[in-house]
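Participant: Provided below are the primary sequence and the corresponding predicted coordinates.
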Amino acid sequence: MTTHNNISVFEHQRLYVGQFGFKQIHLEALLKLNEYHDGNYFEPIAKGIKFNQYVGVIQVDGLTIQINPKADKDDEDNKWQNVLLKMLKACGKLKAESSGAAHVKRKHLNLLEVYFELYLLEVENLVRKGLIKQYRKQTHNTKSLKGKLEFAGHIRHNIVHKERFYNTHQVYNSNHFLHQVLQKALNIMSLFTKGSRLQDLTNRVQLNFPEVDNKSFTAKQLNAIQLNRKTNGYSSALELARLIILNYSPDISSGKEKMLSLLFDMNELWETFILKQLRKACEGTDIKVTGQESKSFWGNNSLRPDIVLRKGGKTFIIDTKWKRPLKSSASVSDLRQMYTYCRFWDAEKALLLYPGNYIENKFKVYETDDYSIHSNEGTLKIDHQCKMGYVSVLDDKRELSQTIGTTILNLLNFE
């Protein structure tokens, strides 16, 4: 049985060769993975790596590295265990009603196993209900003429075999694109579940799945999948299959070992989480909440604040920041960014939002010389304000706070 070693670390933490079973072969594989992703995942250091804001799980050569989020480096580590799974469920990236997600509290279950189990259960459910068949074109030799005779291919293949016909015709079976994608993900999973608790389930699902062609797929092909009323039940399984296939790196591994990485940008996850919490808090009110509004800025460039709120004729801007600033002071670049948002959206107030315990901050008006409107009535000062705000991610029970949306509205002084 294959032995597996597990390492649990936090974002921005350092990991050196020799720690917790982390070997040189693992370091070389991770550096290749990082290079493939434009250096976003880690920062290379002497005999090790320093993790960035990407969290999730990486498995290579019997080693599983779980990278956990941690908003405040001064907090206890156990406070942030399983926070990622909870945020993924809250953001809709993990089906909360599935049986796999229902077991995420088990300590031995890492993120990769959660997604693997969800996928296996989805495919098993499809097989139980009955897999669909589709028409597809097939070109090959047959003993009788079917469909369209391919003259060039017929002459090339059947100079000797006069009794055969090289033709293109339609077949109706389970060997079609959707099942080929599902089978590809199952094949990848079988490489990473050997010796794990999911090995038996993986083998059973593969055994019950129909035999289909083994093909490779590009990201463009996977992202272009279109479902109809007949195939709509495949949506969850295909979404998970796409995730597994696109994060599999057979050519980035060290030696002949394969690598699978499932990483999420905490900045994007935090933005999505806050947007959903605000929309929940504003249901039934006259406050309109939108995300990623865009306005042209210069040439092909554009401006996109994370969240825009509107109430009546007033506009409010929120820019989410997962990493807390040093000494509780916003960077000049962030303040300039908020200044620009206020000018382009004519926003009354702008909020830089960080995770953390509440800190008393007041809105301040921009004091630039040109921040005014010249009219027949003279020079009128534009009253655009900005401040930093903090919201606690976890409540006293170490669960995701359910009052974040209301807290943010209070930070903006909504009536």
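Facilitator: Received, thanks. Numbers count the residues shown, from 1 in each chain.
Participant: who's in contact with Asp319?
Facilitator: Asp319 sits next to Pro305, Asp306, Ile307, Asp334, Gln337, Met338, Tyr341, Ala350, Leu351, Leu352, Leu353 when contact means Cβ atoms under 8 Å, 6 or more residues apart in numbering. Where you see a C-beta, it was placed from the backbone N, CA and C, and this is true even at glycine.
Participant: ok, now with 6 Å
Facilitator: For Asp319, the contact set (Cβ atoms under 6 Å, 6 or more residues apart in numbering) comprises Pro305, Asp306, Leu352.
Participant: dump those to TSV, plus secondary structure, pLDDT and neighbour count.
Facilitator: Below are the contacts of Asp319 laid out as TSV (DSSP: H, G, I helix; E, B strand; the rest coil; pLDDT from 0 to 100; neighbours: other Cβ atoms under 10 Å):
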residue	secondary structure	pLDDT	neighbour count
Pro305	coil	93	25
Asp306	coil	94	21
Leu352	strand	94	22
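Participant: okay, the residues you listed in JSON lines with distance to Ser296 next?
Facilitator: Output for the contacts of Asp319, formatted as JSON lines (distance: Cβ to Cβ, whole Å):
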{"residue": "Pro305", "distance to Ser296": "14"}
{"residue": "Asp306", "distance to Ser296": "18"}
{"residue": "Leu352", "distance to Ser296": "24"}
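Participant: which one of those residues is nearest Leu126?
Facilitator: The closest of the contacts of Asp319 to Leu126 turns out to be Asp306 (Cβ to Cβ; 36.8 Å).
Participant: Ser294: neighbouring residues, count only.
Facilitator: Neighbour count for Ser294, taken as other Cβ atoms under 10 Å: 9.
Participant: no no, Ala219
Facilitator: 10.
Participant: and the one 3 residues further on, by the same measure?
Facilitator: When counting by other Cβ under 10 Å, one arrives at 17 neighbours for Leu222.
Participant: look at it and tell me its secondary structure.
Facilitator: helix (DSSP: H, G, I helix; E, B strand; the rest coil).
Participant: ok, Lys362 next?
Facilitator: At Lys362 the chain is in coil, as set by three-state DSSP.
Participant: distance of it relative to Ala347?
Facilitator: Going from Lys362 to Ala347 by Cβ to Cβ, to the nearest Å gives 17 Å.
Participant: higher neighbour count, those two?
Facilitator: Legend: neighbour count by other Cβ under 10 Å for Lys362 and Ala347, higher for Ala347 (23 against 8).
Participant: so who does that one touch?
Facilitator: Ala347 neighbours (Cβ under 6 Å, 6+ apart): Thr315, Phe316, Ile317.
Participant: just those residues now: which is nearest Tyr119?
Facilitator: Minimum distance to Tyr119 across the contacts of Ala347 is 38.7 Å, recorded for Ile317 (Cβ to Cβ).
Participant: select from the contacts of Ala347 every entry located in strands.
Facilitator: Per DSSP state E, strands hold the following members of the contacts of Ala347: Thr315, Phe316, Ile317.
Participant: from these, which is closest to Ile58?
Facilitator: Ile317 (35.6 Å).
Participant: strands of the stretch 51-200 of the chain, residue ranges please.
Facilitator: Taking DSSP state E, counting those that start in this stretch, the strands of the stretch 51-200 of the chain run over residues 54-60, 63-68, 134-142, 148-149, 165-173.
Participant: repeat for the stretch 301-415 of the chain
Facilitator: With strands called from DSSP E, counting those that start in this stretch, the stretch 301-415 of the chain shows them at 301-303, 307-311, 314-320, 349-355, 364-365, 372-375, 378-381, 385-391.
Participant: run the chain-centre distance for the fifth one.
Facilitator: Using Cα atoms, centre = their mean, to the nearest Å, we find the averaged C-alpha position of strand 364-365 to lie 36 Å away from the chain's own average C-alpha position.
Participant: deepest-packed of the strands of the stretch 51-200 of the chain, please.
Facilitator: The highest average neighbour count among those, using mean count of other Cβ atoms under 10 Å, belongs to strand 54-60 at a mean of 24.
Participant: could you check the angle it makes with strand 63-68?
Facilitator: Per axes from the mean of the first three to the mean of the last three Cα atoms, to 10 degrees, the angle that strand 54-60 makes with strand 63-68 is 170 degrees.
Participant: pLDDT score assigned to His103?
Facilitator: Listed pLDDT for His103 reads 44.
Participant: one more: Ile307?
Facilitator: Predicted confidence (pLDDT) for Ile307: 95.
Participant: for the helix ranked longest in the chain, packing partners?
Facilitator: Looking across the chain with DSSP state H, the single longest helix is helix 111-129. Helices and strands touching helix 111-129, as assessed by 3 or more Cβ pairs under 6 Å, 6 or more residues apart in numbering; DSSP states H and E, comprise strand 54-60, helix 199-208, helix 235-246.
Participant: could those go into a markdown table alongside distance to Lys280?
Facilitator: Below are the helices and strands packed on helix 111-129 laid out as a markdown table (distance: least, Cβ to Cβ, whole Å):
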| stretch | distance to Lys280 |
| --- | --- |
| strand 54-60 | 23 |
| helix 199-208 | 35 |
| helix 235-246 | 23 |
